[in-house]
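> predicted model and sequence follow; I will ask about them next.
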Number of protein chains: 2
Amino acid sequence: MRDVAVIGVGMTKWGELWEKSLRDIFVETALNALDDAGVDQIGSMYVGSMSSGLFVGQEHIASLLADYLGQTPVPSTRVETACASGGLAFRLAFMEVASGMSDIVLAGGVEKMTDVNGYQATYALGTAADQEYEGYHGITFPGLYALMAMAHMEKYGTTREQLAMVAVKNHHNGSKNPLAQFPFEITVDSVLNSVMVADPLRILDCSPITDGAAAAILCPVEMAKKMNKPVIKVIGTGHATDTIALSSRKDITWIEATHQASKQAYDMAKKKPEDIDLVEVHDCFTIAEICVLEALGIVEKGEGGKAVEEGLTSLDGKIPVNPSGGLKAKGHPVGATGVAQVVEITKQLRGEAGERQVKDARIAMAQNMGGSGGSSVIHIFERE
Amino acid sequence: MRDVAVIGVGMTKWGELWEKSLRDIFVETALNALDDAGVDQIGSMYVGSMSSGLFVGQEHIASLLADYLGQTPVPSTRVETACASGGLAFRLAFMEVASGMSDIVLAGGVEKMTDVNGYQATYALGTAADQEYEGYHGITFPGLYALMAMAHMEKYGTTREQLAMVAVKNHHNGSKNPLAQFPFEITVDSVLNSVMVADPLRILDCSPITDGAAAAILCPVEMAKKMNKPVIKVIGTGHATDTIALSSRKDITWIEATHQASKQAYDMAKKKPEDIDLVEVHDCFTIAEICVLEALGIVEKGEGGKAVEEGLTSLDGKIPVNPSGGLKAKGHPVGATGVAQVVEITKQLRGEAGERQVKDARIAMAQNMGGSGGSSVIHIFERE
C-alpha cells in the first residue's frame, strides 16, 4: 500500500444556515478544499452523512453532490455509521489512495439538520441507537449518555464540575475558532445552572444541532511532494464496532470500539498515546470526552474527569484535546464531524491554526464515534 | 493489487417477510454465505442499504449487523447510492481485499421495505430522485421511467409489446428460481391488461416492494485456491455517477453512468461485450433493461426492444439476461439487489443454477444502478 497525505482541507462557517441547502453547503466547502489543494479534478469521492434521508428527505447524495461539484462521472460513495460517518468517509478515501485505485480522492462530510423541527431532529439522531431495544422505550441520546455519566460518577467519583469543565475548555478553544457555531466562552457556573436535559446532563453539556460540511483532499505522499505541498501524512487508521445498545455492554463507562480502533491505529502508526501532541475527540456530550480519553489510553481508567480538572487537556496542557472547540463549541453536523477533525489537525500540523495553535505540533490523532460508541474511527497524522 | 475471488454466497427466500425484522433477514442470509464459504471469522464487512432510516427507522446498521452476526469488533461499513447500494458494497469489499487491508471480507445488502405503508415506501424510494427539482413536483420513480419509456418509443420505435416481453422473459426465468418473490410465468397479454401506473408503464412493468438480503464472501484468489474452493474471480469493476435529475440529461433514453461504469469494467477485465456469457441487469422497470442493454454495448442504441423480441436475451439466447428472474420476478429489496446479482452469477459460473443454468457460462457481468441512472456499479466475473 502507498503512503497517503492530506494536501487540502476545507470548512466554512457552521451554524443554523437557513439560506443554504445541503448541496450548497457541501459544494462551497468542497471547492474550498480543492482550492487549498490546488487541484480541480479528482479521481473519486466519499461523502459521510448520517441521515440525509431523515433530515432533508434526500438519499443518493453521493451522485447528487458529485454532479453539483462538477465531477461526474467520477465514482462517488456515501458512507454511514451514524456520527462517525465523516471519519469513515476519510478512512475509505485513504484506502482508495493507498491501494492505488485512485490518486486524488476527496473525503467529505455533510449534514443539514435544521430543516426539521426539534422532535424530528431528535428522532433522526435516535436512529443511531438500537430502535428495537432502546428507541422503542423512548430513550434518546442525552438519556443514553446520562446513564454513562451517572455510572462513571458512581464508579470513579467523577464530579458534576469536572463534566462542566470539559464544556468550558472546549468553548475556550472554540472562542478562537471563527468557523465555530458558538465561538464564545462559558463558565462552570453557567453550565451548572443551564437547563436540565437528562440528569446529570444539562444543555451546556450537549453538542448542538448544526448545519455544516467539511472536506479533505488526499493523494499519495510522493505526489504531494512533487506538488510542493506540506506533507501531512496519514500514519495510522483504525475502525471498530461494538453493540449499539448500551444494555448489551459489560461496562457502560468503557468505550470498547474506540479502544479497539485506537489499538489498530497505534499499531499501524507505531506510536503510543504519549507520542501524540494533540487530539480531536468526539465530545458529543461532556461525559463522552472523559470516557474517550480513557479508551484511547491517554489517561488511566476513571481518570478522565481529573485530567480535565488538572489542565492536562487544555490548549497549553500536556496533551491539548479539541483545540478546534470540539463538537460542543464548533458544532456537530453529524456526518461532517469526522472530516472536520481532519481539517483542524491539518491546520494545526501546518502551523496555520492562529490563536488556537498548539506549539510544536507534529503528531496528532482524530477520534470519531457513532451513537453511544457502537462504532469508532480513528486516524493518526504526522507532519513530515 | 491482489486478485480477488468470491468464495461464498447466500440468499434466502424474498418476499413480504412479516415475521422477520431487518436484522433477522440479514443475519440469516450472511450466515448462509459464511457456511457456503466455509469460514466463520471475517476481517471486515460492508452493507448496502438504501434507506434503513426511512424504511425501518434504523441507521447505524453496519455496527448493529456486525453485532448480531457475532463479528464485533470488526470494521463494518454501510454504503448507500440508492438502488445501487449493494453493488457498491461489493465494490468496496473487493477494494479492501485487493488492497491487502483485509483477507476475508463480507459484502452484504439488505432492505426491509414492507414495514411501512405504500405511500411511505414510495416516498422513501423517491428520495433517490432529486428532491428539489423532481420530488418537489410530485413525480416518483414509475413516472420518471415512464418518461424514459415514452422517449425511447418515440425516438426508436420501441413497442409497448417489447416492454411487456422483458417482464415475460424475466418471470419465465424467475419461475425456475425458488428464492424469487414471484416465481411464476406471466404473458404479454397479462402485462398489457394490468393496471396502469404511469403511462405507458403498467404494474407488471414494475419491480415489486420486497424484503430481502444477499451476501457474498470475498478473499484473495491465492487463498481461495488453498481452500480448494471453485474460483469465481472478479476481473473488472466500474462505478460511475451522473446527474440524478432526468431534466439535466442530454438524452433521457441513454444511461451514461452505466455506459461509463461498463467502460471501466471492460477495460480492467480486458473484455468486450461479445465476450460475456450472461448478464444480470437492473430491470427496476421493463424500459430500464432495454436502455441498459444499449448502454452496456450489448446491442446498438435503440435496438434493446428488438433484442428482447428476437430472443437474444432469453435463457437459451445468444446472451441470457437476468437468468435469476431479475428485479421484476425475483424481487427488489433495493439495497440487496446488487449483491443478489453476484449471488446468481456465482451460482451460474459454478454450474449450480439448476433449471435456469446457462450452458457453458464462464464470463458474466452484473449491472446495478441507482435512481433513474444517477449511479451505476458494474462487475465482471470469470470462472478460472
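Here it is on my side, so go on. Computed from a prediction, not measured in an experiment: that's the story for all the values here.
> in this structure residue A:9 contacts residue A:342, no?
Yes - taking contacts as Cβ atoms under 8 Å, residue A:9 lies within contact range of residue A:342: 6.7 Å. For every residue, glycine as well, the C-beta is placed using N, CA and C.
> okay, these two: which has more neighbours?
When neighbours are counted by other Cβ atoms under 10 Å in any protein chain shown, residue A:9 and residue A:342 differ, and residue A:342 comes out ahead with 31 against 26.
> what residue spans form the domains of chain A?
Domains of chain A are assigned by automatic domain parsing as A:4-117+A:210-232, A:140-208+A:236-383.
> Serialize these to TSV and add fields for mean pLDDT.
Output for the domains of chain A, formatted as TSV (pLDDT from 0 to 100):
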stretch	mean pLDDT
domain A:4-117+A:210-232	97
domain A:140-208+A:236-383	98
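> can you say which of the ones you listed is packed in most?
The highest average neighbour count among these, using mean count of other Cβ atoms under 10 Å in any protein chain shown, belongs to domain A:4-117+A:210-232 at a mean of 24.
> between the two ends of it, what distance do you get?
End-to-end distance of domain A:4-117+A:210-232 (Cα to Cα, to the nearest Å): 9 Å.
> repeat that for stretch A:278-289.
Across stretch A:278-289, first to last residue, Cα to Cα, it's 14 Å.
> is it anywhere near chain B?
No - judged by Cβ under 8 Å from any Cβ of the partner chain, stretch A:278-289 stays clear of chain B, getting no closer than 13.6 Å.
> so who does the spatially closest residue to residue A:160 that is not a sequence neighbour touch?
Distances taken as Cβ to Cβ, 6 or more residues apart in numbering or on different chains place residue A:200 nearest to residue A:160, at 5.8 Å, with adjacent residues excluded. Taking Cβ atoms under 8 Å, 6 or more residues apart in numbering or on different chains, we find residue A:200 in contact with A:146, A:149-150, A:153, A:160, A:163.
> helices of chain A, start to end?
A:22-37, A:52-56, A:61-68, A:85-99, A:118-126, A:141-156, A:160-174, A:188-192, A:221-226, A:256-269, A:286-295, A:304-309, A:326-330, A:337-350 (DSSP state H).
> what residues does residue A:33 make contact with?
Residue A:33 touches A:8-10, A:106, A:108, A:215-217, counting by Cβ under 8 Å, 6+ apart.
> from these, which is closest to chain B?
residue A:106 (12.7 Å; Cβ to the nearest Cβ).
> mind listing what the nearest residue to residue A:302 once chain neighbours are set aside touches?
Of all residues not flanking residue A:302 in the chain, residue A:156 sits nearest, at 3.5 Å (Cβ to Cβ, 6+ apart). Applying Cβ under 8 Å, 6+ apart, we find residue A:156 in contact with A:253, A:301-303, A:305.
> which residues does the closest residue to residue A:275 other than its chain neighbours bridge with?
Using Cβ to Cβ, 6+ apart and skipping residues adjacent in sequence, the residue nearest residue A:275 is residue A:363, 5.7 Å away. According to DSSP bridges, the partner residues bridging residue A:363 are residue A:382.
> closest residue of chain A to chain B?
residue A:99 (3.3 Å).
> for the closest residue to that residue other than its chain neighbours, give me its contacts.
Among residues not flanking residue A:99 along the chain, residue B:99 sits closest, at 3.3 Å (Cβ to Cβ, 6+ apart). When contacts are counted by Cβ under 8 Å, 6+ apart, residue B:99 is found next to A:1, A:95, A:98-101, B:1-2.
> one more time with 10 Å, if that's ok
Residue B:99 sits next to A:1-2, A:95-101, B:1-2, B:4 when contact means Cβ atoms under 10 Å, 6 or more residues apart in numbering or on different chains.
> return the distance of stretch A:35-52 from the chain's centre.
Distance, stretch centre to chain centre, for stretch A:35-52: 17 Å (Cα atoms, centre = their mean, to the nearest Å).
> is there proximity between that stretch and chain B?
Yes - using Cβ under 10 Å from any Cβ of the partner chain, we find that stretch A:35-52 touches chain B at A:44-47, A:49-52.
> end to end, how far does that stretch reach?
26 Å.
> of all the domains of chain A, which one is nearest residue A:133?
Relative to residue A:133, the nearest member of the domains of chain A by Cβ to Cβ is domain A:140-208+A:236-383, separated by 4.8 Å.
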